[in-house]
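Visitor: Okay, sequence plus prediction incoming.
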Amino acid sequence: MSKSDNIYATPLEEVSSFSFDHKVVEVFPDMIKRSVPGYTAIIDGIGQIAKKYVHPNTNIYDLGCSLGAATLAIRQSVNDSSCKVIAVDNSSAMIERCRLIQSGYNFDMRVDVIEADINDLTFENASLVVLNFTLQFLPRGQRLQLLQKIHQGLNKNGVLVLSEKLTMSSDELDAHIIDIHHDFKKQNGYSDMEIAQKRAALENVLIPDTREQHYTRFQKSGFSQYDTWFQHYNFASFIAVK
Ligand SMILES: C[S@@+](CC[C@H](N)C(=O)[O-])C[C@H]1O[C@@H](n2cnc3c(N)ncnc32)[C@H](O)[C@@H]1O
Ligand SMILES: O=C(O)C(=O)C[C@]1(C(=O)O)C=C[C@@H](O)C=C1
C-alpha cells in the first residue's frame, strides 16, 4: 500500500514547480487515484484494449510509465512471452521504484524499464503505445513530432492510447468543470489549501489541450481513426488507430 499524499497539506512559503521526485514517488498511487477521476477505470481499460490490439511478436511502449500501472495491466491481460513491454520515464526516482515493482511480478511477458526522455526514442514493431497522462507534461512544441514518430513505429492497425487532462471548449464551461474536479478532490480528502497549492505547482508544468487540439494532432500525425473511449469530467482517454 502506498503512503497517503500530504505533500501540499502544510502551507508553503513558495510553491515550487511540480516534479516527479522521490517525495512524489512515495505517495504516487494514492495521489493519482485521488486526483484523476477515472484513473483505475482507465488502467483496467488499457488492459482490455491491449487484449484486442496486441499481436504476438510485437512491442508495446508505455511512455511516461511512472510506477508502471499500465504496464502491469498489459502484462497481466496479454501475458504473451513473444511480446515485450518497453516502459520509459525520465524520472530516475520513478524508474528505480518501477523496476522494483515490476520485478515483483512473474509474468511470461517481459518488460524493459528504461530511464530516458521519450523524445529520444525510436519506435519499432509496435502494436500498442500508451501515453497515460504524459503528453500534457511535454512542451506543446514537442507534441506533434512525438506523435508522428509513434505513428511511424506502429504496425498497421496498431493503436495509440492517449489519456489527458483536457481544457473544455469554452472558458465558462472550463471554469465550471475545473470547480467540479476540485470538488472531486475534496471528496477524496484534499483540503482547499492542498488543492490550491497543487494547482499552483502544476501551473505551466501540466499544459492541457482541448479535444480539438488532440484530434487535429492525431490527423496531422497520420492516424486514420480516432475517438474518445473514456471521459470523466475534464479527464479523457483517446484511442487512435494507424
Ligand atoms: C502523470 S505521470 C504518468 C502516470 C502513468 N503513466 C500511470 O499510468 O500511472 C507522468 C509521467 O511522465 C513522466 N515524463 C514527463 N515528461 C517526460 C519525458 N519527456 N520523458 C519521459 N518521461 C516523462 C514523468 O516523470 C511522470 O512519471
Ligand atoms: O490536474 C490535477 O490537479 C492533477 O493532480 C492531475 C495529475 C495528472 O493528471 O497527472 C497531476 C500530477 C499527478 O501526477 C497526478 C495527477
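Guide: Received, thanks. Ligands and ions are numbered 1, 2, ... in the order given.
Visitor: List the beta-bridge partners for the most centrally placed residue in the chain.
Guide: Averaging the C-alpha coordinates of the chain gives a centre point, and the residue nearest to it by Cα atoms, centre = their mean is N132 (1.9 Å). Note on N132: beta-bridge partners by DSSP bridges are S163.
Visitor: Burial check on N188, number of neighbours?
Guide: Neighbours of N188 under the rule other Cβ atoms under 10 Å: 13. C-beta here means a position set from N, CA and C on the backbone, and glycine is covered the same way.
Visitor: again with the one 3 residues further on
Guide: Using other Cβ under 10 Å, S191 is surrounded by 13 other residues.
Visitor: Please name the nearest non-neighbouring residue to it.
Guide: Once its chain neighbours are removed from consideration, S191 has its nearest residue in A9; the separation is 6.9 Å (Cβ to Cβ, 6 or more residues apart in numbering).
Visitor: Now do the same contact list for that neighbour.
Guide: Listed by Cβ atoms under 8 Å, 6 or more residues apart in numbering, the contact set of A9 reads 191, 193-194.
Visitor: if I look at it, how far off is ligand 2?
Guide: Here A9 is placed at a distance of 14 Å from ligand 2 (Cβ to the nearest ligand atom, to the nearest Å).
Visitor: Offset the numbering so it begins at 823, please.
Guide: I'll keep to 823 as the first residue from here, and by that count the last item is A831.
Visitor: Any part of stretch 840-853 near ligand 2?
Guide: Yes. If you take Cβ under 6 Å from any ligand atom as the test, stretch 840-853 does meet ligand 2, through M853.
Visitor: Buried residues of that stretch, list them for me.
Guide: Within stretch 840-853, the residues that count as buried by 16 or more other Cβ atoms under 10 Å are 840, 842, 846-853.
Visitor: now do stretch 900-915
Guide: By neighbour count with 16+ other Cβ under 10 Å, stretch 900-915 contains the buried residues 900, 902, 905-913, 915.
Visitor: among the residues you listed, which are in helices?
Guide: Under the assignment DSSP state H, the buried residues of stretch 900-915 contribute 900, 915 to helices.
Visitor: tell me which of the buried residues of stretch 900-915 is nearest to E946?
Guide: Of all the buried residues of stretch 900-915, the one with the least separation from E946 (Cβ to Cβ) is I908, at 9.9 Å.
Visitor: Pull the contacting residues for the closest one.
Guide: Taking Cβ under 8 Å, 6+ apart as the definition of contact, the neighbours of I908 are 881-884, 933-934, 936.
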